[in-house]
Structures are given as C-alpha cells and as structure tokens.
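A.B. asks: what shape does this take:
(chains A and B)
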Amino acid sequence: MIDKLDQVFVLLTQWVVGFLPAFLQPVAVVVIAVAAILVTFPGLFAICVLLERKGLGRMQNRIGPNRVGPFGLLQPVADGLKSLTKEDLVPLSADAAVHFLAPVFLVVVVFMGYAVLPVGRNMTLVNMDAGLLFYFAMGASTELSVFMAGWSSRNKYSLLGAMRAVAQMISYEVPLLMSSVAVVMITGSLSLNAIVDAQNVYTWGLPHWYIFTPWGFAGFVMFATAATAETNRSPFDLPEGESELVAGYFTEYSGFKFAEFFLGEYVGMLSISGLGATLFLGGWSAPLQVLGFVPSWIWFFGKVMLSMCVFIWLRGTLPRLRQDQLMNFAWKFVLPFTMLNLFVAAAWRFMGDGWLRWVVCSAVLVIAYVVMGRVGMRRKHFGPRSYRYAE
Amino acid sequence: MLGEGILKGLAETARNFAGSFVSAERLTTVEYPEQRIAPIEATRDFPFLVYDGTDPEAGLRCVACQICEKECPPKCIYIVKSTDKKPDYVGKLQIYPARFDIDISVCMSCQICVEVCPFEAIKMDTAFELATTDRFGGLLYDKKELSKSNEHYHAIHPTEAAEVDARLAEEKAKGEAKAKAAAAAALAKAAAPAAATPVPKPAAPAATVPAVKPAEGERNRDR
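C.D. replies: Residues are numbered from 1 along each chain as shown, chains lettered A, B, ... in the order given. Down below sits the predicted model:
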C-alpha cells in the first residue's frame, strides 16, 4: 500500500498507457510526463506568488492581499486573468521577431531543466547519465533570453538591465558550477539519480545528505548564494531593479509576455531549488529513516517549497546590492571559496572514515571563511579624490 | 564575521513575521471599508460654505466678496454676485452669491480660501469618499452642495468652530453696541436742534460733534 502511494503517478501513467497500442506507448509515457510537469510547476508558481505576497506582507507588518476569495487565496487567479486580458504592446522600433521570441525561449529553456530532475523515486523524465551537465546547459541559456529581451526592446533601461543581467549571471554561473562539482567528485557521477541514490543511505536512522558534511554545507551555502544571483532574486535583483531601471530587461513587455517572464523567473527558482535539494538535501529521500513511509515526491516538493520560503525570507530582509559589490562578492569571495571547497571535498574523499576528516575539513573551511570575509571583503579607503583642472 | 548582519536581519524579519500574527501593535493595518478610524481634528480636504440656522439660503455667511476666488491658486472657485441684497447675520443688507461653484477636481486643498475669508464663511470639510461616475458634473460642486450647517462644522472641527463662534459673537456684540451708540447719538442730534433753536449761533459746535459719530460707527461695522 505504501509502495503503491509512493509510485502512484508511475502506476497511473502505466495504467493509462496500457490502453494504447504498443508502438505508441513510449511516446505516450513522455507526453504524459511532460504534461504533468507543465501543470505542476506553474501551479506551484501560483502558490509561490501568493506565499510571497502574503509572507512579505507579514515581514513588513502588513496583512498582504486578502480581498480575492477567502484570505486572498484566489489572488493568483486574479493576477493571471489581469495579465491575460491586458493589451500586448510592442514598441514600434523593437525587433519584433526577437522581442516575441525572448519570453517564449525563456519559458522553454526553464522547463527543459525539469527533464533531468528526479522528482520522486522512479520519477525522472529522462534518466540522463550527464543530467547535471544538461541542467547547467539549459540554465545558462536563460542568459541568452534575457539579453534577447533587453536588446530587441530598443530601450535604454532594457539594455542596461540586460547588460547587468548578463554580467551577473556569467559571474555567478562559475561558483554555481564549482559548488556542484564537489558533489560530482564525491559521488563519481553526473547523473542526478545516482547523486540521490548516494545520499539515500542511513546510519543510525540519519541520512547521508551532503549538507551534513563540512564541504557539503559550505557548498550548499555557496550554491544558494549563486542560485539566488542566477535567478535574479533579491538581493541580487539588479537586472530588474525597479528603483533604477523601471523593470530592467522586460521594461517593454506587457500583458501575457510579461507574465511569461514572471513565470519563467519563478519556475526557474523552483527548478534551481529542486537542483539544490537534489545535490545537497538528498533529493526525494526522507530526512529520517523512520519517515521513509511518506511518499518520496512529498519530500521533494516539501524541500523545494522550503527553499522557496527561504528565497522569500531573503527578499524580505536584504536590500539590493550595488553592481561593484555584486561583482566583488562573486569574484573575490564566492569563487575562491568554492575552489577551496573542491580541495576540501577531495581531502574528505581520501582521508577515509573517522573523526579526523571532520575536524580538518571543518577547520579549513571555517578559517578560510573568516579570513576571506575579513580580507577579501575589506573596504578600501582611498581618501578624498583630488582633481587638477587644466589651466 | 561575514554574514553576521544577514543573520541579524533574518532574525528581525522572522520576528516581524511571527509578531504580526500575535501582536496587534505590530499589525497596524486598518482594513478600510469595514474598519474605520475617526479622522484627527486637523483633517481637511475640500472647502464648504457655512450657514447659520436651518435655511442654507438665508443663513449663508458668504457675501460674495470674491476674495477667495481671486486668491485661489488653481482657480477652482467661480462666484457670480447677486444683483439684490439680503440681510446678513448681523441684520445688515449684503450682496449674496447667486452662484458659488468649486471644482474639486482642480482644488488642491491648500486652505488659502479659508485663511483669506473675512466672514468665516468658507471652511474645510473632512468628507473624502467623493468618488463619482461623472467626472465633470459630479466633481463640480454648486452652492447647494457646498452649503453645510454650522452644526456640521462643529461636528468636524469642534475647537476651531468654537473659536469662530466666539469671534463672531464678539463682533456681533460690538456691532450692536455701536448701533445702539449711533442710535443714541442720532436721538441726541434730533433733540439738540430742538433745544438750540432759540439761540442759533452759540449752539453750532455742540450740534456738529454728534453728527460725526454715526458715520464713524458705520465705517467700523463695515470692517
């Protein structure tokens, strides 16, 4: 019974596919799985938007939306209807084709990432050997869409936002990859299923999640930082900084295309949360062995929603960074620290079992964190600038 | 250490998040259409015309002097003077406004009209739910819509209205005293020539002095 519940979606798909002729069955399995992804994640997007608006409100001692439906629960429906019925404006001087393609491309690319994410036990759409590589290839393509949007709009705010976005995303792409490489080194596989299986092991009822190791914890913190920047979330939301750039790269978008960017942003957040959960939080595995009876997909979505809540919490707390602070942080702190983390992960791998590797790895990481935080992030005082004018 | 401030900030927002569910002090939102708070006494938005008594036509304090119309910075007041006169609150015959319009879509609530009015006739109202489906006619208020009783003024600005009433009563008393003095002087003037007829020449200075007094009283009351 418990196994049935765990595999309910897999069994359901098999049952539906059973009615079709044999040659159609492989195609039908994929179509059903894709349809499920296309329904589930936009649904979660709606929940996240509501959660964010209510949560941010509470953090700012407001009530948040509470007019549409009971407790404002139908607010996402109202938002969706509003954006669907709005006029779709395209600037006369915009490059119409690219302007149209940018949001479509973003949504397509963002959904492609879900192809390799293990959503539950036996619930990976494509069990690719190089799943992680595929995921990062798709994740990096969002930059192209952002730049397409900014460039084709023929608007200075759009272009500035796009330039910022590209600079920021390329800077944080590197630490994002570097922090994941540590996981690949320990697991010895690029397949996300293999990574989850490696973490789905228990000692004394406690899981072997990578976040519970020194290098894994450091990697997770760096991964979360880089992921926040990758998805253009506050405090790294410079590309869309409303106070400076109207709406950044999607200034010239309205109606459903704007909604597509919005959807792309949130679905991207959900997907990178899913990846973070898969790499460091044991994917769909239960946090305690005794909780193993709960269906695996519940754990996956629980972890994803939990990290969404952290995203919202961070947004409610931190002010936006300045461009130079953003770049300094990426190149002078996050990147060197993730590189050091690779060495720590290697040391962890070759020091064998025992308490020694815990002490050594933790000490190295803590000392490095403190020293790099002090030295790397030190503010330089150049004194007042002096000017000499031509005579 | 790096990140300390972030943790402190996260703790603060978490405290806000949890606190807004339990502490009414934190969650200060008034859910407006259902919940209302009484406006503070100094609230103001658009001007109205004050009338005394029960009849808005007869009791209107405005005498159509047009000072407010001239002083209004966005020029939202339009006044047409009457051709006839009606007695005002002291009983003196005065011109009254045949038309008094304020376009509240233009009005900027600066209160200059209230400050320049010598007759305490125009005051600021506190009604703010003025939305209408007719954006031209609906927002152009005429004399009938603008006229509100002195009781209404007392209800919305009690302290200010009490001061205004005291000042008006004082002026009225002063005016009545002057009128009484003038009447007495006129009476004395009427009596004086009758007494002075037998001796015309020496009585002349005595007759000229009271003759000035009513004129003076008249001027004072106009001010």
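A.B. asks: give me every residue that touches the residue in chain B that chain A sits nearest to.
C.D. replies: Nearest residue of chain B to chain A (CB to the nearest CB) works out as B:Leu2 at 2.9 Å. To be clear about C-beta, it is placed using only N, CA and C from the backbone, and glycine gets the same treatment. By CB atoms under 8 Å, 6 or more residues apart in numbering or on different chains, the contact set of B:Leu2 is A:333, A:369-370, A:372-374, A:377.
A.B. asks: recalculate using a threshold of 7 Å.
C.D. replies: A:373, A:377 (CB atoms under 7 Å, 6 or more residues apart in numbering or on different chains).
A.B. asks: name the helices or strands packed onto the biggest helix by length in chain B?
C.D. replies: Criterion DSSP state H: the longest helix present in chain B is helix B:158-196. Helices and strands touching helix B:158-196, by 3 or more CB pairs under 7 Å, 6 or more residues apart in numbering or on different chains; DSSP states H and E, are helix B:204-222.
A.B. asks: tell me the mean pLDDT over the helix it packs on?
C.D. replies: The average pLDDT for helix B:204-222 rounds to 47.
A.B. asks: for stretch A:252-261, same thing?
C.D. replies: pLDDT averaged over stretch A:252-261 gives 87.
A.B. asks: ok, and what's touching that stretch?
C.D. replies: Contacts of stretch A:252-261 (CB under 7 Å, 6+ apart): A:83-84, A:86-89, A:91, A:94, A:103, A:106-107, A:153, A:155, A:158, A:250.
A.B. asks: check stretch A:93-101 too.
C.D. replies: Contacts for stretch A:93-101 (CB under 7 Å, 6+ apart): A:90, A:148, A:152-154, A:252.
A.B. asks: could I have it exported to PDB, CA atoms only?
C.D. replies: Extracted C-alpha coordinates of stretch A:93-101, given in PDB (Å, rounded to 0.1, in the frame of the first residue of the first chain):
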ATOM      1  CA  SER A  93      11.200  50.400 -33.100                       C
ATOM      2  CA  ALA A  94      11.600  47.000 -31.400                       C
ATOM      3  CA  ASP A  95      12.900  44.000 -33.300                       C
ATOM      4  CA  ALA A  96       9.500  42.300 -33.400                       C
ATOM      5  CA  ALA A  97      10.700  38.700 -34.000                       C
ATOM      6  CA  VAL A  98      13.300  38.700 -31.300                       C
ATOM      7  CA  HIS A  99      11.100  40.600 -28.900                       C
ATOM      8  CA  PHE A 100       8.400  37.900 -29.400                       C
ATOM      9  CA  LEU A 101      10.800  35.000 -29.100                       C
END
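A.B. asks: quick one: distance of that stretch to the chain centre.
C.D. replies: Its chain's average C-alpha position is 27 Å from that of stretch A:93-101, according to CA atoms, centre = their mean, to the nearest Å.
A.B. asks: if you count neighbours, what's buried in it?
C.D. replies: Buried residues in stretch A:93-101, counted by 16 or more other CB atoms under 10 Å in any protein chain shown: A:94-95, A:99-101.
A.B. asks: closest to B:Val50 among those?
C.D. replies: Distance ranking of these against B:Val50, using CB to CB, places A:Ala94 first at 58.2 Å.
A.B. asks: which of the contacts of stretch A:252-261 are buried, as a PyMOL select command?
C.D. replies: In PyMOL, a selection of the buried entries from these looks like this (16+ other CB under 10 Å):
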select buried, chain A and resi 83+91+94+103+106+107+153+155+158+250
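A.B. asks: for B:Gly59, the count of nearby residues, please.
C.D. replies: By other CB atoms under 10 Å in any protein chain shown, the residues close to B:Gly59 number 16.
A.B. asks: related to what we said a few turns ago, among the buried residues of stretch A:93-101, name the ones in helices.
C.D. replies: Using DSSP H, the buried residues of stretch A:93-101 in helices are A:99-101.
A.B. asks: most neighbours of all the contacts of stretch A:93-101, which one?
C.D. replies: For these, neighbours tallied by other CB under 10 Å; top is A:Ser153, 26 neighbours.
A.B. asks: surely that residue touches A:Leu89?
C.D. replies: No: using CB atoms under 7 Å, A:Ser153 makes no contact with A:Leu89, being 10.9 Å away.
A.B. asks: give me the pLDDT for residue 119.
C.D. replies: Reading this off chain A. 88.
A.B. asks: oops, I was thinking of chain B
C.D. replies: 85.
A.B. asks: could you list the low-pLDDT ranges of the stretch 101-250 of chain A?
C.D. replies: Filtered on pLDDT under 70, the stretch 101-250 of chain A yields no residues whatsoever.
A.B. asks: do you have the helices of it handy? List them.
C.D. replies: A:131-152, A:156-187, A:192-199, A:214-230, A:242-245 (DSSP state H, counting those that start in this stretch).
A.B. asks: end to end on stretch B:108-117, go ahead and measure it.
C.D. replies: When the termini of stretch B:108-117 are compared using CA to CA, to the nearest Å, they are 17 Å apart.
A.B. asks: please read the previous query as pertaining to stretch A:326-340.
C.D. replies: With CA to CA as the measure, stretch A:326-340 spans 20 Å from end to end.
A.B. asks: distance from it to the middle of the chain?
C.D. replies: With CA atoms, centre = their mean as the basis, stretch A:326-340 stands 19 Å off its chain's centre.
A.B. asks: check which residues of it are buried.
C.D. replies: By neighbour count with 16+ other CB under 10 Å, stretch A:326-340 contains the buried residues A:326, A:328-330, A:333-335, A:337-338, A:340.
A.B. asks: now swap in stretch A:364-384 and tell me
C.D. replies: Residues of stretch A:364-384 classed as buried by neighbour count (16+ other CB under 10 Å): A:364-365, A:368-369, A:372-373, A:376.
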